[in-house]
Structures are given as C-alpha cells and as structure tokens.
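Asker: The sequence and its predicted three-dimensional model are supplied below.
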Amino acid sequence: MKTTSYYPVLMTGDVAGTTAFYVEHFRFQPLFESDW
C-alpha cells in the first residue's frame, strides 16, 4: 500500500476553544465544521 496523503486529527473536549487557539495563533482556517 502506498500513502498518497495524510492529515492530522485532533481530539479535544473543548472544540470551540481549540479552534480559537489555532485560528488566533497559527492563522489556521476551518475547512470543515459540524455540530454533530
């Protein structure tokens, strides 16, 4: 099997706080959001 791509998966109990941290400090932008 050959890996063609990869991406990190982050697990947290505080989704909104974690999102805010990465957006503020690293200028990340959410590519997918859901209220599951």
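Answerer: That came through, no problem.
Asker: ok now do the most centrally placed residue in the chain, which residues does it touch?
Answerer: The centroid of the chain falls nearest to Leu10 when counting by CA atoms, centre = their mean (6.0 Å). Taking CB atoms under 8 Å, 6 or more residues apart in numbering, we find Leu10 in contact with Thr18. Just so you know, the C-beta spots here come from the backbone N, C-alpha and C atoms, and that holds for glycine as well.
Asker: one more time with 10 Å
Answerer: Listed by CB atoms under 10 Å, 6 or more residues apart in numbering, the contact set of Leu10 reads 18-19, 22.
Asker: Just the helices from the chain, written as ranges.
Answerer: For the chain, the helices defined by DSSP state H cover 15-26.
Asker: Name all residues that make contact with Asp35.
Answerer: Val15.
Asker: What separation do you get for it and Val15?
Answerer: Distance of Asp35 to Val15, given as CB to CB, to the nearest Å: 10 Å.
Asker: Sketch out the low-pLDDT regions of the chain for me.
Answerer: For the chain, no stretch has pLDDT under 70.
Asker: one step back: make CSV from the contacts of Leu10 and add neighbour count and distance to Pro30 to it.
Answerer: Shown next, in CSV, are the contacts of Leu10 (neighbours: other CB atoms under 10 Å; distance: CB to CB, whole Å):
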residue, neighbour count, distance to Pro30
Thr18, 13, 11
Thr19, 16, 6
Tyr22, 14, 9
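Asker: so how many other residues sit close to Pro30?
Answerer: 8 (other CB atoms under 10 Å).
Asker: Likewise for Val9?
Answerer: 5.
Asker: Tell me how far it lies from Val23.
Answerer: According to CB to CB, Val9 stands 18 Å off from Val23.
Asker: repeat for Thr4
Answerer: Note on Thr4: its distance to Val23, by CB to CB, is 28 Å.
Asker: Comparing the two, which shows the higher neighbour count?
Answerer: Neighbours were counted for Thr4 and for Val23 using other CB under 10 Å; Val23 has more, 12 against 5.
Asker: residues touching that one, list them.
Answerer: Neighbour list for Val23: 29-30 [criterion: CB under 10 Å, 6+ apart].
Asker: Can you tell me how far it is from Met11?
Answerer: Distance, Val23 to Met11, by CB to CB: 18 Å.
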